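Enquirer: Structure for the following, please:
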Amino acid sequence: MTRPNKLKSETKTYNLLMRQKQWDMLSRKSSELTRLTKQQVSAADIIRLCIDMNMEETCNEIERRYRAQNY
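Expert: The predicted structure is shown next:
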C-alpha cells in the first residue's frame, strides 16, 4: 500500500540531520498526537507546521545574532 499524499502542492525532499534528543521528542509527540487524533501525525507533519508557524521569527533571530557578532 502506498502512502497517502498529504500535501496538495508541489513538494521538495530534504534530508535533515538533528540531535537524538530532538528526534526522540518528535517521535514521542508524533505518537501522542496520533493516539489523540486517531489519525497519523508524522514527525514530518510536525516539522512542516513548525516551519510554517515560526519561519519569520527564526530568520529574524538568526539575522539578529549575525549582526551582533559582526558589529
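Enquirer: Same question for the residue most central in space within the chain, what's its three-state structure.
Expert: Relative to the mean C-alpha position of the chain, the nearest C-alpha, by C-alpha atoms, centre = their mean, is the one of residue 47, at 1.2 Å. Following DSSP: H, G, I helix; E, B strand; the rest coil, residue 47 is assigned to helix.
Enquirer: Identify the residue nearest it in space, chain neighbours excluded?
Expert: By the measure of C-beta to C-beta, 6 or more residues apart in numbering, the closest residue to residue 47 outside its immediate chain neighbours is residue 26, 7.2 Å from it. Where you see a C-beta, it was placed from the backbone N, CA and C, and this is true even at glycine.
Enquirer: tell me, how many neighbours does that neighbour end up with?
Expert: 18 (other C-beta atoms under 10 Å).
Enquirer: And it, how far from residue 66?
Expert: 27 Å (C-beta to C-beta, to the nearest Å).
Enquirer: cool, and residue 52?
Expert: 23 Å.
Enquirer: Wait, residue 46 touches residue 29, no?
Expert: Yes. Counting by C-beta atoms under 8 Å, residue 46 does reach residue 29; the two are 6.1 Å apart.
Enquirer: Which one's more surrounded, those two?
Expert: Neighbour comparison, residue 46 and residue 29: the larger count goes to residue 46, with 16 against 13 (by other C-beta under 10 Å).
Enquirer: show me the contacts for that one.
Expert: Residue 46 makes contact with 26, 29-30, 33, according to C-beta atoms under 8 Å, 6 or more residues apart in numbering.
Enquirer: if we can go back for a sec, the residue nearest to residue 47 reaches residue 48, doesn't it?
Expert: No. Using C-beta under 8 Å, residue 26 is not in contact with residue 48; the gap is 11.8 Å.
Enquirer: quick one: the helices in the protein?
Expert: 20-37, 43-70 (DSSP state H).
Enquirer: a markdown table please, covering the ones you listed and showing distance to residue 11.
Expert: Below are these laid out as a markdown table (distance: least, C-beta to C-beta, whole Å):
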| stretch | distance to residue 11 |
| --- | --- |
| helix 20-37 | 19 |
| helix 43-70 | 10 |
